[in-house]
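Engineer: could you work out the structure for the sequence below:
(chains A and B)
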Amino acid sequence: MSAIVLAVSGIVAVALGYRVYSKFIAEKIYQLDPDFETPAHTMRDDVDFIPTNRVVLWGHHFTAVAGAAPIIGPAIAVIWGWLPAFLWVIFGTIFFAGVHDFGAIWASVRNKGTSVGALTGSVVSARARTLFMIVIFLLLLMVNAVFAVAISNALVASPSAVIPVWSAIAVAVVIGVLIYRVGVPILWPTIVGTIILYAVIYLGELVPVALPQTLLGLAPGPQWILILFAYALVASLLPVWLLLQPRDYINGIQLFIGLGLLFGAVFIANPTIVAPAFNTNVPAGTPPIFPLLFVTIACGAISGFHGLVSSGTTSKQLNKETDARFVGYLGSSGEGLLALVVIIAVSAGFSSLSEWEATYSAFGTTGIATFVAGGSTIIASGTGLSQEFAATLLAVMAVLFAGTTMDAGVRLQRYIVQEWGVIYNVPALQNGYVATLLAVTACVALAFGAGGADGQGGMLIWPLFGTTNQLLAGLTLLVISVMLVKLGRRYVFTLVPMVFVTIMSFLAALYQLWDLIASGQYILAGLDLVIVIASIFVLLESAAAFTRERRAANASATAAASAS
Amino acid sequence: MAWPDVRKTLRRGAYLASEFYHAPYRGAVARAKRDEDDLFMLLVFSEMMGIPNPATYYTLELQPILLERFHTWHTRMGMEHSPLDDFRCC
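Structural biologist: Model prediction:
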């Protein structure tokens, strides 16, 4: 089958979802009001709360949510065949992710711009808030380990990406200094920085860097993991304007260029999909598609992380309530399209079925490197760029996304440790350096426990990460649904996705528990046990909140009826 | 495209790029700046609180300028009333 058919049908479906479904949700369910004064106006302080152009906000929302995760997830999940992955990404984007992101912005805007975490406390219950904090902590603990393993795998697989990836950090620092210390307007640093970045990609191709085969008894993969965490340790202590902010900006530009290049190449080259629609011949050890597909692809179909972005920064800057649809729904649609192009790259970027089967020879071994290999073949045949250049370009893009997430993740975890220091009155933990060191040590231990130490670079932890992410999405959808019940509106459109993702997370966590114990991965099994328990509580809490709110709503309805 | 249109488009592009750069980090940068300013306040008013400062001769000049910010600073530092005996601000 032609990849163009897949691309066009996916794009048309998502566009229809925006035109029709999101319009319905906006008008009938969330009932957006163009005259509602958003927190950006009522609480304006020109720092956190400030009305912002909706295109700019969409850009943030899109680039903040579309990172390495929608690349890795689909690249692993295509092992069950391209059709299930495609259907879950497209249906998930239209009926789950869009409604979730859009709803999280709406819920936050209607509650003075508070975060979803605080909303679970005020809208659902104090217990739900505690649960939310536990899930977030698990997510942060895993995100750094997951991305460290993913980056080290990618750097081992593409030695040509090493120089560009590290040079990008230097470019970012120079841009940061130029803008904040020298006061240069943004336009020139952007243009020159982008040109330098792509020139360095060419240089990287000429000078590949590979680490020694063994150093202190460690294979290259674990060596990279240690280097990455050493970097994250330093980077997370630097001021945000110096590194994180310009890095994010560069990544945003790279995302737009990379997506344009990939979709353009698919339409010019029209590659043939060699992967099977349903893989009936899955390698031994592959977990069952049901329920694992729904947690392997989290970002790209629905992801709880988006709720944090929606209610953390986006809602505080929303100019008009009606912009929420454009920013939230279309922002997550953009991520769905990234996942779509990844599915095309890993199912049409290989020359034959046997080559594809050789790549997908075991579950969890594919990832960024697979996307790079497939995507670069398509770009090379579509645009005439050399395949090596295209491969380096894609590898650099994916690694930079993952690297920035790590940087931000370690920073957030340091804040949590410091807060513990305050709550439990341990002065040592309140120290920024001690807290960062502690956060990094925990992540290194998990990254090595997750299959990084043997150099195999298996992504055993990936489905666990997805499960936690989906639980978070379930909690956010719970907040939105309870708000709708209180308002007396139809809540089925948020309740069904909520029940679905939570039950899938629970089943997936349960399956993995059995699997991890059987394979002797006790650290991960322990972590998984916590996730299983958390998912049971999320389900119980939801049931309790719903019964309570519906009773209250019915009681007030009867009271109103008897009064009249 | 006529020349004024090109300039208008460029200006719009530069505006969007600048917003795209600054908007997500406005809060974080403002907080970081405030932390730096707080440290500076401590340096300027340190001698009054019994912390020896070799640069007092120079920082003394700055005190009247920074006095406007003094109240928000000491409240933010967790002191409800001014810590200074010789002049009170609230």
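
Engineer: so which bits of chain A are right by chain B?
Structural biologist: With Cβ under 8 Å from any Cβ of the partner chain as the criterion, chain A comes near chain B at residues A:46-48, A:50, A:52-53, A:55-57, A:59-60, A:64, A:179-180, A:185-187, A:190, A:239-241, A:244-246, A:248-249, A:252, A:313, A:317. In short, each C-beta sits where N, CA and C put it, glycine included.

Engineer: which positions in stretch B:49-56 come out as buried?
Structural biologist: Buried residues in stretch B:49-56, counted by 16 or more other Cβ atoms under 10 Å in any protein chain shown: residue B:53.

Engineer: cool, stretch A:188-201 as well?
Structural biologist: In stretch A:188-201, counting by 16+ other Cβ under 10 Å, buried: A:189-190, A:193, A:196-198, A:200-201.

Engineer: same check, this time on stretch A:407-417
Structural biologist: In stretch A:407-417, counting by 16+ other Cβ under 10 Å, buried: A:407-414, A:416-417.

Engineer: and that stretch, C-alpha only, in PDB?
Structural biologist: Output in PDB follows, covering the C-alpha atoms of stretch A:407-417 (Å, rounded to 0.1, in the frame of the first residue of the first chain):
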ATOM      1  CA  ASP A 407      16.800  18.800  31.600                       C
ATOM      2  CA  ALA A 408      13.400  19.900  32.600                       C
ATOM      3  CA  GLY A 409      12.600  16.600  34.300                       C
ATOM      4  CA  VAL A 410      15.700  16.700  36.600                       C
ATOM      5  CA  ARG A 411      14.900  20.300  37.400                       C
ATOM      6  CA  LEU A 412      11.300  19.400  38.500                       C
ATOM      7  CA  GLN A 413      12.500  16.500  40.500                       C
ATOM      8  CA  ARG A 414      15.000  18.700  42.300                       C
ATOM      9  CA  TYR A 415      12.100  21.000  43.300                       C
ATOM     10  CA  ILE A 416      10.200  18.000  44.700                       C
ATOM     11  CA  VAL A 417      13.200  16.800  46.800                       C
END
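
Engineer: and which of the buried residues of stretch A:188-201 is nearest to residue A:353?
Structural biologist: residue A:201 (31.3 Å; Cβ to Cβ).

Engineer: that closest one against residue A:389, yeah?
Structural biologist: Yes - contact criterion Cβ atoms under 8 Å: residue A:201 and residue A:389 qualify, at 6.8 Å.

Engineer: any weak-confidence spans in chain B?
Structural biologist: Scanning chain B for pLDDT under 70 picks out B:1, B:83-88.

Engineer: what residues does it put near chain A?
Structural biologist: B:13-14, B:16-21, B:23-30, B:32.

Engineer: so which of those residues are in helices?
Structural biologist: B:13-14, B:16-21, B:26-30, B:32 (DSSP state H).

Engineer: by neighbours, which of the residues you listed wins?
Structural biologist: residue B:20 (23 neighbours; other Cβ atoms under 10 Å in any protein chain shown).

Engineer: could I get the contacting residues of that residue?
Structural biologist: A:56, A:59-60, A:249, A:252 (Cβ atoms under 8 Å, 6 or more residues apart in numbering or on different chains).

Engineer: taking these together, which two end up most distant?
Structural biologist: Most distant of these, by Cβ to Cβ, are A:56 and A:249, 12.1 Å apart.

Engineer: neighbour count winner among the two?
Structural biologist: It is residue A:249, of residue A:56 and residue A:249, that has more neighbours when counted by other Cβ under 10 Å, with 25 against 22.

Engineer: switch the buried residues of stretch A:407-417 over to a markdown table; also include pLDDT and secondary structure.
Structural biologist: Shown next, in a markdown table, are the buried residues of stretch A:407-417 (pLDDT from 0 to 100; DSSP: H, G, I helix; E, B strand; the rest coil):
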| residue | pLDDT | secondary structure |
| --- | --- | --- |
| A:407 | 82 | helix |
| A:408 | 82 | helix |
| A:409 | 84 | helix |
| A:410 | 87 | helix |
| A:411 | 84 | helix |
| A:412 | 83 | helix |
| A:413 | 85 | helix |
| A:414 | 85 | helix |
| A:416 | 81 | helix |
| A:417 | 85 | helix |
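
Engineer: of these, which is the nearest to residue A:151?
Structural biologist: residue A:407 (11.4 Å).

Engineer: setting aside sequence neighbours, what's the nearest residue to the closest one?
Structural biologist: Among residues not flanking residue A:407 along the chain, residue A:235 sits closest, at 4.8 Å (Cβ to Cβ, 6 or more residues apart in numbering or on different chains).

Engineer: what's the neighbour count on that neighbour?
Structural biologist: Around residue A:235 there are 22 residues (other Cβ under 10 Å).

Engineer: could you do residue A:1 as well?
Structural biologist: Quick note: residue A:1 (other Cβ under 10 Å) scores 13 neighbours.

Engineer: find the nearest non-adjacent residue to it, please.
Structural biologist: Here the residue nearest residue A:1, using Cβ to Cβ, 6+ apart, is residue A:273, at 4.8 Å.

Engineer: distance of that neighbour from chain B?
Structural biologist: From residue A:273 over to chain B the distance is 35 Å, taken as Cβ to the nearest Cβ, to the nearest Å.

Engineer: and that residue, how close does it get to residue A:320?
Structural biologist: 42 Å (Cβ to Cβ, to the nearest Å).

Engineer: higher neighbour count, the two?
Structural biologist: residue A:273 (22 against 19).

Engineer: wait, that one sits on residue A:348?
Structural biologist: Yes - the pair residue A:273 and residue A:348 qualifies as a contact (Cβ under 8 Å) at a distance of 4.6 Å.

Engineer: common neighbours of the two, please.
Structural biologist: With Cβ under 8 Å, 6+ apart as the test, residue A:273 and residue A:348 both reach A:3, A:6.

Engineer: ok, so of the buried residues of stretch A:188-201, who is nearest residue A:42?
Structural biologist: residue A:190 (33.4 Å).

Engineer: confidence score at that closest one?
Structural biologist: Here, the pLDDT recorded for residue A:190 equals 90.

Engineer: show me what the strand or helix carrying it is packed up against.
Structural biologist: Here residue A:190, judged by DSSP states H and E, is contained in helix A:187-206. Identification of packing neighbours for helix A:187-206 by 3 or more Cβ pairs under 8 Å, 6 or more residues apart in numbering or on different chains; DSSP states H and E yields helix A:162-177, helix A:244-269, helix A:387-423, helix B:3-22.

Engineer: again, only this time at 6 Å
Structural biologist: helix A:162-177, helix A:387-423 (3 or more Cβ pairs under 6 Å, 6 or more residues apart in numbering or on different chains; DSSP states H and E).
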